[in-house]
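Enquirer: Next comes the sequence, and after it the predicted model I'd like to discuss.
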Amino acid sequence: MSHALQEAERPLGVDLDNTPVQADQLAESASEGGQMRALTRIALSYSAIAFVSTALNIAVQAAWMALDSGAHAIPISVLAGTAACVPLKYVLEKRHVFGFRAQNLRHDGELLVLYAFFGVFTTLLFWGVEWLFQLVFHTAGMRYVGAAVGLALGFVLRYQLDRRFVFVARVKVAA
């Protein structure tokens, strides 16, 4: 057997059960490890943004309710909490979750409109769950629990929508 062939067949390492590991297996393992680290980073970033957004939303609602006890205070507080979070979430998710850069200011504006459009559906889900908790439990504390549950459900749906439709590279087709 030639020296070059022996060199090519020599394992580069061994795995945990002392099975030889070849270069292609090491590359595949490194690739899988890199993918797992990337997914973990995305999940942690998205969770941190969701946590900050949820806290801001509920804080804005609570602040509004402390200032206004009128007939429309609850719906206005929910709207105010949502309005406070949309721009913050857009900027943070675009950068830290999706690593996306808009081509220019116009493109960024188009993305924000699309982001807001999909946000209507997830916001309706969030509001519906929050309102359901208010109707069932009749307490501010449980309404805020409903807000957190609704936001969590909305965030899961939102990530999928943004990943598939908003923060994707678009290829222009020549006419």
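Expert: Arrived safely, thanks for sending. Numbers count the residues shown, from 1 in each chain.

Enquirer: This structure: strands as residue ranges?
Expert: 13-14, 20-21 (DSSP state E).

Enquirer: and the ones you listed, which one's lowest on average pLDDT?
Expert: With a mean of 38, strand 13-14 has the lowest mean pLDDT of these.

Enquirer: Point out where the chain drops to low pLDDT.
Expert: 1-31, 170-175 (pLDDT under 70).

Enquirer: quick one: the helices in it?
Expert: Listed from the start of the chain, the chain has helices (DSSP state H) covering 3-9, 23-67, 73-92, 105-137, 140-161.

Enquirer: list the helices and strands the second one packs on?
Expert: In this structure, helix 23-67 makes packing contacts with helix 73-92, helix 140-161, judged by 3 or more CB pairs under 8 Å, 6 or more residues apart in numbering; DSSP states H and E. Backbone N, C-alpha and C define where each C-beta goes, glycine included.

Enquirer: and the shortest one, C-alpha only, in CSV?
Expert: Listed in CSV are the C-alpha atoms of helix 73-92, where the atom choice follows Å, rounded to 0.1, in the frame of the first residue of the first chain:
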residue,chain,number,x,y,z
ALA,A,73,-59.1,52.9,28.7
ILE,A,74,-58.4,49.2,28.1
PRO,A,75,-58.6,49.2,24.3
ILE,A,76,-56.5,52.4,24.2
SER,A,77,-53.9,51.0,26.5
VAL,A,78,-53.7,47.8,24.4
LEU,A,79,-53.3,49.9,21.3
ALA,A,80,-50.6,52.2,23.0
GLY,A,81,-48.6,49.1,24.1
THR,A,82,-48.7,47.7,20.7
ALA,A,83,-47.7,50.9,19.0
ALA,A,84,-44.7,51.3,21.3
CYS,A,85,-43.4,47.9,20.4
VAL,A,86,-43.7,47.6,16.6
PRO,A,87,-40.8,50.0,15.6
LEU,A,88,-38.5,48.6,18.3
LYS,A,89,-39.2,44.9,17.3
TYR,A,90,-38.8,45.7,13.6
VAL,A,91,-35.3,47.2,14.1
LEU,A,92,-34.1,44.6,16.6
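
Enquirer: which parts of that helix are buried?
Expert: Neighbour counts over helix 73-92 (16 or more other CB atoms under 10 Å) mark 74, 77-82, 84-86, 89-90, 92 as buried.

Enquirer: Kindly report the same for the longest one.
Expert: Using 16+ other CB under 10 Å as the burial criterion, the residues of helix 140-161 that qualify are 143-148, 150-151, 154-155, 158-159, 161.

Enquirer: roughly how far is it from the heart of the chain?
Expert: Chain-centre distance of helix 140-161: 13 Å, with CA atoms, centre = their mean, to the nearest Å.
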